[in-house]
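Colleague: Structure for the following, please:
(chains A and B)
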Amino acid sequence: AQRVTQPEKLLSVFKGAPVELKCNYSYSGSPELFWYVQYSRQRLQLLLRHISRESIKGFTADLNKGETSFHLKKPFAQEEDSAMYYCALSGQRTGANNLFFGTGTRLTVIP
Amino acid sequence: DTGVSQDPRHKITKRGQNVTFRCDPISEHNRLYWYRQTLGQGPEFLTYFQNEAQLEKSRLLSDRFSAERPKGSFSTLEIQRTEQGDSAMYLCASSLGGGNTIYFGEGSWLTVV
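Modeller: Numbering: from 1, shown residues only, chains lettered A, B, ... in the order given. I've put the predicted structure just below:
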């Protein structure tokens, strides 16, 4: 069965410090991995997906199939990055392109 | 706002009552999804539609839950004989076909007392 693990429920970093939000997954096959973000009082929205291989708002994430990880990184955290971050996967076993989410990590960037 | 819209945003109901939530997807999005989110958890898939056809249902969707998308546009999620365990955020989402970005609504909070 698929599993997405985000080991940190809470993560605090100082403004300007590097940030890494961890995500590990378990899936038989080739999943597609995503990071979704939810800012305060806003809806859940896509931050990035691994097939795009792009940087959004300074964030990047590399799919490491050997370690089954998809960690989200940013070299210099900003206060506006404070939000709830969810790692998610989809694949044939999840059905169509339905998303299977982790439990999320709340990032707080301290001024 | 032309995003996914959900109504009502908040609902408090007594145990045993029926509730219905409505979702209006982004125009022209042929896929519509329902997810449920409880405190401290990520969203969990419930069901999805391709146009008016309900193609998949999660085991989470008990017999008390029914979802419809009669004309392939808006969708309703009805919960019959609500239980306290049904208290959660019900999220609707839509996408243009498979493999494309899934856009979420703001959700409908259900509290069963």
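Colleague: Can you show me the helices along chain A?
Modeller: Taking DSSP state H, chain A contains no helices at all.
Colleague: Find the closest residue to chain B in chain A.
Modeller: Among the residues of chain A, A:F101 lies closest to chain B, at 3.1 Å counting by CB to the nearest CB. C-betas here are computed from N, CA, C, even on glycine.
Colleague: secondary structure class for B:W109?
Modeller: strand (DSSP: H, G, I helix; E, B strand; the rest coil).
Colleague: What's opposite it in the beta bridge?
Modeller: Using DSSP bridges, the beta-bridge partners of B:W109 come out as B:H10, B:M89.
Colleague: Contacts only, for it.
Modeller: B:W109 is in contact with B:9-11, B:89-90, counting by CB atoms under 8 Å, 6 or more residues apart in numbering or on different chains.
Colleague: helix or strand for the residue lying closest to the residue of chain A closest to chain B once chain neighbours are set aside, which one?
Modeller: The shortest distance from A:F101 to any non-neighbouring residue, by CB to CB, 6 or more residues apart in numbering or on different chains, is to B:G42 (3.1 Å). Per DSSP states H and E: B:G42 is located in neither a helix nor a strand.
Colleague: in what helix or strand does the residue lying closest to B:L61 once chain neighbours are set aside lie?
Modeller: Closest residue to B:L61 apart from its sequence neighbours, by CB to CB, 6+ apart: B:L46 at 5.1 Å. Using DSSP H and E, B:L46 sits within strand B:44-50.
Colleague: Helix or strand next in line after that strand, which one?
Modeller: Using DSSP H and E, the first helix or strand after strand B:44-50 is strand B:53-57.
Colleague: partner strands of that next one, parallel or antiparallel?
Modeller: Looking at strand B:53-57 with DSSP bridges, its partner strands are strand B:44-50 (antiparallel).
Colleague: List the contacts of the closest residue to chain A within chain B.
Modeller: Closest residue of chain B to chain A, CB to the nearest CB: B:G42 (3.1 Å). Listed by CB under 8 Å, 6+ apart, the contact set of B:G42 reads A:4, A:86, A:88, A:101-104.
Colleague: Please indicate which of these are buried?
Modeller: For the contacts of B:G42, a burial check counting by 16 or more other CB atoms under 10 Å in any protein chain shown picks out A:4, A:86, A:88, A:101-102, A:104.
Colleague: Tell me the residues of chain B that contact chain A?
Modeller: Proximity of chain B to chain A (CB under 8 Å from any CB of the partner chain) is limited to residues B:3-4, B:31, B:33, B:35, B:40-45, B:48, B:50, B:55-56, B:91, B:95, B:98-107.
Colleague: And the lowest mean pLDDT element among the helices and strands of chain B?
Modeller: strand B:53-57 (a mean of 90; mean pLDDT, DSSP states H and E).
Colleague: buried sites along that one?
Modeller: Taking 16+ other CB under 10 Å as the criterion, strand B:53-57 shows B:54, B:56-57 as buried.
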